[in-house]
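Visitor: requesting a structural model of the entry that follows:
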Amino acid sequence: MRNRAARLYKFKLLALVVVASLVASSPSSAQHLRDRFSDLFIFGPGQDPLFLAGSGDPTNPLSLQAHGLHFIPSSNAENASLIAFISDALGASVANIPIGSTSGGETFRFEGGVPVRTSTSAGPIFAERAQTLGSGRVLAGISRTGFRFATLRGVDMHNIDLKFTHQNVNFPGCDAQFGGDCSLLGVPVLENDVMDFRLSIDLDVRVTSVYLTYGVTDRFDFGLVVPIVQANFTGESDAQIQPFGGTTAAHYFAGTSANPVLTAHRQSLGSAAGLGDVALRLKVNLRDAPNASFAVLVDGRFPTGSEEDLLGSGKFAGRALAIFNSHVGDFSPHVNAGYLHHAGTQQNDAVLGTIGFDDRMNDNVTLAADLVTELQVGDSKLHLPAPVNYESPFRRTVIPTNIPEIRDDIVNGSFGFKVTPARNTTAVLNALFPLNRGGLRANLVYTAAVEYTF
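Guide: Predicted structure coming up:
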């Protein structure tokens, strides 16, 4: 009866966390963080991104007003894709925060009602081991993860160069008016004007996760992770229009065509906090032996976080892992291999691979180290615009950004410690650092956690 009552209490504890995650609010400012990013491309209140208020002044003749629209993304798909590329990369990367192991600390199975320990160390940190907690046991923990994005495909986030090009204007009578073939980019000559754009972005993220794993049976664990995300955004942009000859400017931010203002500076900042993408995890142990243990794990991240505030991806993501580990004395090598599926259109699926070890250095300290990889499947769904080729008055090419067109493979190193200051209690300290520069990356991701097993 006592065991049944204890299990009922643990189930109620799990249910309480689930309910709390579903009713958690996501307070943020009236303007979302994605809007704060878009503000860097807006040069006046109530305007569209890249609208030139000077050229589009209502006091100008209609023929001149039209020049204010010629860089707007809705008129130029290449410009729109540049802005969307960075915005989508920000949102997708915040939602892809690492989740710790499902079964840290001691693990047990029961033989004749007597618990038998199945682990030799406190286990890995960002890898999985095959051992499950044991029937009726619970691991409860809280972690704090922090990082600041530093590079996008290797480009410093404070030094992103963009070049916005002019719409290819072609209308009835254009050829006769300008004395050339208006289907060619560069006719009329004002189409050669380019807007140089320098972007500086800071996105600082802090994630507090509450997690529980429950041993349903000796070989089956159920887990839940509820993250609370805090995101702080600061950005600056500097834009300059480069006229392509001529004595009268057609495109300018302010002033007049005779006395144009060709530069603009924008600043934007904001913050948001709230529920991130909740994860559910299931692990089944298929074989548990000292020389070789096997398990499979499936988990899903649900779009409970606000996509507009960069707190979640807005789409479901799920992964499946095959887990192998062994041990020689206190040294336990492990290998995880699997597949990650993203339901959205902005992120690629990935092949997952983790190899590493955990080593019980003494009764209270475990060292854990891993190589963690996420290799992109297929061509990137985050599209950069192709180079822009001008055909008049001479052939030339404009490269739209210094962000390279490369794969967004992710290779990280993980190094940390688990310290057991008291029975059933484990403190976790870990550093995750990039070994390549694919995707949107931080220079360091730190995690500190406290876990309790009962």
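
Visitor: looking at this, S87 is in a helix?
Guide: Yes: in this structure, S87 lies within a helix as judged by DSSP: H, G, I helix; E, B strand; the rest coil.

Visitor: for it, give me its contacts.
Guide: R34, F37, S38 (Cβ atoms under 8 Å, 6 or more residues apart in numbering). The way it works is simple: take the backbone N, C-alpha and C, and place the C-beta from them, glycine included.

Visitor: neighbour-wise, which of these leads?
Guide: Within the contacts of S87, F37 tops the neighbour count with 23 neighbours, counted by other Cβ atoms under 10 Å.

Visitor: where's that one relative to K163, distance?
Guide: 19 Å (Cβ to Cβ, to the nearest Å).

Visitor: same question for S183.
Guide: 22 Å.

Visitor: count of residues packed around the residue lying closest to I399 once chain neighbours are set aside?
Guide: In space, and not counting its chain neighbours, I399 is closest to P387: 5.4 Å by Cβ to Cβ, 6 or more residues apart in numbering. Neighbour count of P387, defined by other Cβ under 10 Å: 12.

Visitor: I figured P387 hits T401, correct?
Guide: No: using Cβ atoms under 8 Å, P387 makes no contact with T401, being 10.0 Å away.

Visitor: low-confidence ranges, the chain, go.
Guide: 1-30, 59-67, 72-82, 91, 95, 104-120, 246-247 (pLDDT under 70).

Visitor: run the last query once more with 50
Guide: 4, 8, 11, 15, 18-19, 21-29, 62, 74-75 (pLDDT under 50).

Visitor: now do the helices in it.
Guide: Secondary structure of the chain by DSSP state H: the helices cover 2-23, 33-38, 62-65, 77-95, 174-178.

Visitor: the more surrounded of S183 and K163?
Guide: K163 (20 against 11).

Visitor: which stretches of the stretch 201-350 of the chain form strands?
Guide: 220-242, 254-255, 260-261, 263-275, 279-287, 293-301, 317-325, 331-342, 350-362 (DSSP state E, counting those that start in this stretch).

Visitor: excluding chain neighbours, what is closest to the residue nearest the centre of the chain?
Guide: For the chain, the residue sitting closest to the mean C-alpha position, by Cα atoms, centre = their mean, is S93 at 0.4 Å. If the residues on either side of it in the chain are set aside, S93 comes closest to L440, at 4.1 Å by Cβ to Cβ, 6+ apart.

Visitor: and if you look at T263?
Guide: In space, T263 is closest to Q240, 4.9 Å off (Cβ to Cβ, 6+ apart).

Visitor: isn't that neighbour right up against M195?
Guide: Yes: look at Q240 against M195 with Cβ under 8 Å: they come within range, at 7.2 Å.

Visitor: neighbour count winner among those two?
Guide: Counted by other Cβ under 10 Å, Q240 and M195 do not tie: M195 has more neighbours, with 23 against 14.

Visitor: now that one: how far from L50?
Guide: From M195 over to L50 the distance is 7 Å, taken as Cβ to Cβ.

Visitor: coming back round to it: now the residue nearest to I399: how far from Q347?
Guide: Taken as Cβ to Cβ, the span from P387 to Q347 is 25 Å.

Visitor: cool, I241 as well?
Guide: Distance, I241 to Q347, using Cβ to Cβ: 34 Å.

Visitor: if I look at the residue nearest to S143 when sequence neighbours are not counted, how far off is L282?
Guide: Spatial nearest neighbour of S143, excluding adjacent residues (Cβ to Cβ, 6+ apart): A449 at 3.5 Å. Here A449 is placed at a distance of 21 Å from L282 (Cβ to Cβ).

Visitor: ditto for V296
Guide: 9 Å.

Visitor: ditto for D193
Guide: D193 is 57 Å from L282, by Cβ to Cβ.

Visitor: repeat that for G439.
Guide: With Cβ to Cβ as the criterion, G439 and L282 are 28 Å apart.

Visitor: more neighbours: those two, which one.
Guide: G439 (26 against 15).

Visitor: my guess is the more buried one contacts L90. True?
Guide: No: counting by Cβ under 8 Å, G439 stays clear of L90, with 11.2 Å between them.

Visitor: burial measure for E391, as a count.
Guide: Look at E391: counted by other Cβ under 10 Å, it has 13 neighbours.

Visitor: hang on, it packs against S183?
Guide: No: taking contacts as Cβ under 8 Å, E391 lies outside contact range of S183: 9.3 Å.

Visitor: intersection of neighbour lists for the two?
Guide: With Cβ under 8 Å, 6+ apart as the test, E391 and S183 reach no residue in common.

Visitor: OK, contacts around the closest residue in space to Q47 that isn't next to it in sequence?
Guide: Take Q47 and drop its neighbours on the chain: the residue closest to it by Cβ to Cβ, 6+ apart is A53, 6.3 Å away. With contact set as Cβ under 8 Å, 6+ apart, A53 has these partners: F43, G44, Q47, G68, F253, A254.

Visitor: do S332 as well
Guide: S332 touches T120, S121, G123, R129, N325, S326, F357, D358, D359, counting by Cβ under 8 Å, 6+ apart.

Visitor: how many neighbours does the second one have?
Guide: Each residue near S121 was counted by other Cβ under 10 Å, and the total is 24.

Visitor: I'd say it and T366 touch.
Guide: Yes: using Cβ under 8 Å, S121 makes contact with T366 at a distance of 4.4 Å.

Visitor: quickly list what's touching both of those two.
Guide: With Cβ under 8 Å, 6+ apart as the test, S121 and T366 both reach D358, D359, R360, K418.

Visitor: now for those: which two are most distant?
Guide: Using Cβ to Cβ, the shared contacts of S121 and T366 span at most 10.6 Å, a distance reached by D359 and K418.

Visitor: between those two, tell me which one has more neighbours.
Guide: Shown here are D359 and K418; by other Cβ under 10 Å, K418 has more neighbours (26 against 18).

Visitor: what sits against the more buried one?
Guide: K418 touches G104, S121, A122, G123, I125, D358, V365, T366, A368, T426, A427, V428, counting by Cβ under 8 Å, 6+ apart.
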